[in-house]
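K.L.:
prediction below, plus the sequence it came from.
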Amino acid sequence: MDGATLLSNSGALVPPSLPPVRRATAVSAGSFAPPSKSSFRTWRGRTGLVPVRKFAWRCGAAGGGGITEIDESRFSETVLKSDRPVLVEFIATWCGPCRLIAPAMEWLAQEYKERLIVVKIDHDANPKLIEEYKVYGLPTLILFKNGKEVPESRREGAITKVKLKEYLDSLLDSIAVA
């Protein structure tokens, strides 16, 4: 009997044949580039430091009045020095409610592109901003005007499209009067 046949009380068992093993073929040097070190973060797992791939947020059409993702280095020029109101959304890749309201936020950015700027800030990649603005829940929305947080503008958690529109309309009306 060959090595692939097994014996049992009811007779000989022959496992089904498996498909042939595929072998990797050589790749030309110009057609493959490994990911850069900057596209990875380290995470301390049970077995030590483990590289974890960063995920990029895809935020609407480029230049089409969509949402722009910024970081700590661009916060001052984009948010604090803006001549228009800026709605900042603090998010995280692992946050379910953040993903839930993403379509409503995209709609809002398109709908209000003449009146305000909408930006996203990744919670995990920007700890200084999280600490400075005391972001405790995600998603968090904060409206800024003239480099300052608009009083009573902070909103945490998921929100429906209708409630988001009401929230923003009331804020924009209050800062227009002030």
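P.N.:
All right, it came through fine.
K.L.:
so which residues make contact with stretch 124-133?
P.N.:
Here stretch 124-133 makes contact (CB atoms under 8 Å, 6 or more residues apart in numbering) with 41, 54, 71-72, 75, 90, 92-93, 121, 123, 135, 140, 142, 149. Glycine gets a C-beta too; all of them are placed from N, C-alpha and C.
K.L.:
with pLDDT as added columns, please give those in CSV.
P.N.:
Listed next are the contacts of stretch 124-133 as CSV, based on pLDDT from 0 to 100:
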residue, pLDDT
Arg41, 55
Lys54, 49
Asp71, 95
Glu72, 96
Phe75, 97
Phe90, 98
Ala92, 96
Thr93, 94
Ile121, 97
His123, 95
Val135, 96
Thr140, 98
Ile142, 98
Glu149, 96
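K.L.:
which PyMOL command selects the buried ones in the residues you listed?
P.N.:
In PyMOL syntax, the buried subset of the contacts of stretch 124-133 is picked out as below (16 or more other CB atoms under 10 Å):
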select buried, resi 75+90+92+121+123+135+140+142
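K.L.:
could you report the neighbour count for Ser73?
P.N.:
Other residues near Ser73 number 9, with proximity taken as other CB atoms under 10 Å.
K.L.:
how close does it get to Ala109?
P.N.:
To Ala109, Ser73 is 22 Å away according to CB to CB, to the nearest Å.
K.L.:
same check on Ser153?
P.N.:
For Ser153, the distance to Ala109 equals 17 Å [CB to CB].
K.L.:
okay, the two: which has more neighbours?
P.N.:
Each of Ser153 and Ala109 has its neighbours counted (other CB under 10 Å); Ala109 has more, 23 against 20.
K.L.:
now do the SS call for that one.
P.N.:
Following DSSP: H, G, I helix; E, B strand; the rest coil, Ala109 is assigned to helix.
K.L.:
how about the nearest residue to it, chain neighbours excluded?
P.N.:
Val118 (4.0 Å; CB to CB, 6 or more residues apart in numbering).
K.L.:
could you pull out the strands in this protein for me?
P.N.:
Listed from the start of the chain, the chain has strands (DSSP state E) covering 6-8, 11-13, 40-45, 48-53, 68-70, 86-91, 117-122, 140-145, 148-149, 155-156.
K.L.:
quick check: neighbours of the last one in the sheet, parallel or antiparallel?
P.N.:
Using DSSP bridges, the strands paired with strand 155-156 in its sheet are strand 140-145 (antiparallel).
K.L.:
what's next to the strand it pairs with, contact-wise?
P.N.:
Residues outside strand 140-145 that contact it (CB under 8 Å, 6+ apart): 79-80, 82, 85-90, 116, 133, 149-150, 153-156, 159, 167-168, 171, 175.
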